[in-house]
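>>> Make a model of this:
(one chain, ligands or ions: 2)
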Amino acid sequence: MTETTFVKPLSLAESKKKNYINIVKTHFNKKFGSDPSFYVRAPGRVNLIGEHIDYCGYAVFPMAIEQDILVAISLNGSNKINLTNVKESLYPDFTTSLDVLKIDSLNPKWYHYYLCGFLGMVEHASYDYLSSSSGLDIAVLGTVPPSAGLSSSSALVCAAALATMHAYSLSVSKLELASLSSKCERYIGTEGGGMDHAISVLAEPGSAKLIEFNPLQTTNVLLPEGAIFVIANSCVEINKAATSHYNIRVVECRLATQILAKACGLNVTEVSKLKDVQEFANIPVDQMEKKVKEVLHENPYSRTEVCQILELSDSEFETTLLSANTKFLQEFKLYQRALHVYQEASRVWRFKEICEKKSETSLLMLGQLMTESHASCRDLYECSHPDLDELVQLCLKAGALGSRLTGAGWGGCTVSLVPFEKVDNFLVDLKKNYYSKHFRLQELLDTAIFPTKPGGGAVIYED
Ligand code: ADP
Ligand code: MG
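Ligands and ions are numbered 1, 2, ... in the order given. You can find the predicted model right below:
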């Protein structure tokens, strides 16, 4: 049965977690001269299939990983928020007054992600309980590799939102927190979907989850036996908020939605996502490919052409359809992006069915879907990177049944489905063929490649 409370006694934390809790406690103590009142953990995630489709309304298939963001926190009786990080050299201390909180989306720093979670919760509760003594002392320790597609940013936002909720005794359900924290992260400027927060908050140990949106609902899915998912980091870092790659794809999907909706005779003001077009036009998702090919052309659309089709002036176009960091865009690949989204959405449902039916060929079929997903990310969605493509090929050569980039892409990690009996050789091969060739990566080896199994979601630990 799904647990409804976040709170667990600290004594029940597993021993590895207790070690990390002690590290963050010691740091808190050193910085603030007292013990924290409680701790929060929120995990990162690996998306097994369904890339770049949550913000188009489609279901995705992630699982939580063991690596997480850990927060130690106490009310401090002042009007200041004091943030410190165990990895001080990477993430320097930050202090702000409660009355001048600001998130700089054009120059995002680590503490802005924390403030996203904090502000989202405060706004949700209409600031009613904030006083000049509602300040907080906060120490953070993260083990999710940053900017690697395992959603360190969302783990940090979820941990901050949950810590704020508990510090101010707000009552928010797990489902509400999942939805709220996905809205929180948009303060940083990325127009993300809801997958990362939903899995970080709602994950249950032992199963991956099919996550559907509008309304948010999750279904536990047991993964077939005989193989394990192995994550390998290409070690190409990509910060989604500091670059416009991510939002450009969101915009391209938005424009494809509008043009397809118009061609289908739908009311474009009621349609905001590619899934809306499919649903309102009453077309099965696996037949949307035909519609895309009928309506959209393969050549990139110019800004002028999009404005003409949608009957908008350039300034209307800019204010209604572009975001702060995509205003400069002049060309849009709509055919390729829409095709990826509809095909990837179908792959997610096939993946779930294969997990549930379980046959002798399940593992092979799952692997094939993953590799097809990568090809689509590389060729249609153009969100891969040459190092990621190389890593996927090496993973397949080293014995994986399927391999793909995971998370937004343009760098970060691959996830591969590897039969149990091949895991040891797989790790040796990859270390030899990828990591030893990239000399600068030697020191990262211990954390760059690891088998993973479905972990649990966000927790509050209290004495
Ligand atoms: P990801 O794929 O990991 O979510 P993003 O580019 O979305 O990548 O977010 C990465 C950013 O999250 C980092 O640049 C940093 O600001 C923040 N972050 C990640 N891990 C930590 C951490 N342990 N401590 C502080 N900030 C972190
Ligand atoms: Mg992120």
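>>> If you average the pLDDT over stretch 115-122, what comes out?
For stretch 115-122, mean pLDDT rounds to 96.
>>> and the protein, which residues reach ligand 1?
85, 91, 110, 113, 140, 142, 144, 146-154, 156, 239-240, 407, 412 (Cβ under 6 Å from any ligand atom). The way it works is simple: take the backbone N, C-alpha and C, and place the C-beta from them, glycine included.
>>> just checking, which of those belong to strands?
Among the residues of the chain next to ligand 1, DSSP state E puts Asn85, Val140, Gly142 in strands.
>>> one step back: would you show me how to pick out the buried ones of the residues of the chain next to ligand 1 in PyMOL?
The following PyMOL line selects those of the residues of the chain next to ligand 1 that are buried, judged by 16 or more other Cβ atoms under 10 Å:
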select buried, resi 85+91+110+113+140+142+144+146+147+148+149+150+151+152+153+154+156+240+407+412
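>>> and which of the ones in strands among the residues of the chain next to ligand 1 is nearest ligand 1?
Gly142 (2.1 Å; Cβ to the nearest ligand atom).
>>> Please name the bridge partners of the closest residue to the closest one other than its chain neighbours.
Using Cβ to Cβ, 6 or more residues apart in numbering and skipping residues adjacent in sequence, the residue nearest Gly142 is Ile69, 4.6 Å away. Under DSSP bridges, the beta-bridge partners of Ile69 are Ala42, Gly142.
>>> I figured Ile69 hits Ala139, correct?
No. With contacts counted by Cβ atoms under 8 Å, Ile69 stays clear of Ala139, the gap being 11.3 Å.
>>> Now Pro224. Its backbone dihedrals?
Pro224 adopts backbone torsions of phi -60, psi 150, taken as degrees, to the nearest 10.
>>> In contact with the nearest residue to it once chain neighbours are set aside, which residues?
Using Cβ to Cβ, 6+ apart and skipping residues adjacent in sequence, the residue nearest Pro224 is Ser362, 4.7 Å away. For Ser362, the contact set (Cβ atoms under 8 Å, 6 or more residues apart in numbering) comprises Pro224, Ile354, Cys355.
>>> could you dump those to CSV with pLDDT?
Converted to CSV, the contacts of Ser362 look like this (pLDDT from 0 to 100):
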residue, pLDDT
Pro224, 89
Ile354, 97
Cys355, 96
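>>> out of those, who's nearest Gly135?
Of all the contacts of Ser362, Gly135 sits closest to Cys355, with 46.9 Å by Cβ to Cβ.
>>> tell me the secondary structure for that closest one?
helix (DSSP: H, G, I helix; E, B strand; the rest coil).
>>> Could you verify my assumption that it touches Pro224?
Yes. The criterion here is Cβ under 8 Å, and Cys355 meets it with Pro224 at 6.1 Å.
>>> if we can go back for a sec, what about the residue nearest to Gly142, how many residues close to it?
A total of 28 residues lie near Ile69 under the criterion other Cβ atoms under 10 Å.
>>> Please apply the same query to Ser78.
15.
>>> so what's it closest to, chain neighbours aside?
Gly135 (4.2 Å).
>>> Cross the residues of the chain next to ligand 1 against helices and list the overlap.
Trp110, Tyr113, Ser152, Ser153, Ser154, Leu156 (DSSP state H).
>>> farthest-separated two in those?
Trp110 and Ser154 (13.5 Å).
>>> Quick check: which helices or strands does the helix or strand of the chain with the lowest mean pLDDT pack against?
The helix or strand of the chain with the lowest confidence, counting by mean pLDDT, DSSP states H and E, is helix 445-448 at a mean of 78. Here helix 445-448 touches strand 227-233, going by 3 or more Cβ pairs under 8 Å, 6 or more residues apart in numbering; DSSP states H and E.
>>> returning to that earlier point: what residues sit buried inside the helix or strand just after the least confident helix or strand of the chain?
Moving toward the C-terminus from helix 445-448, the next helix or strand (DSSP states H and E) is strand 449-452. For strand 449-452, the buried set under the neighbour-count rule, 16+ other Cβ under 10 Å, comprises Ile449, Thr452.
>>> Just checking: what are the partner strands of strand 449-452?
strand 227-233 (antiparallel).
>>> residues making contact with the strand it pairs with?
By Cβ under 8 Å, 6+ apart, strand 227-233 touches 46, 48, 63, 65, 145, 148, 150, 223, 363, 391, 395, 400-401, 406, 412-420, 423, 426-427, 430, 434, 444, 447-453.
>>> Could you export it as CSV, CA atoms only?
The C-alpha trace of strand 227-233 is given here as CSV (Å, rounded to 0.1, in the frame of the first residue of the first chain):
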residue,chain,number,x,y,z
ALA,A,227,18.6,-8.0,-16.1
ILE,A,228,19.5,-4.8,-14.5
PHE,A,229,19.6,-1.1,-15.5
VAL,A,230,23.1,0.3,-15.6
ILE,A,231,23.7,4.1,-15.7
ALA,A,232,26.9,5.4,-17.4
ASN,A,233,27.8,9.1,-17.3
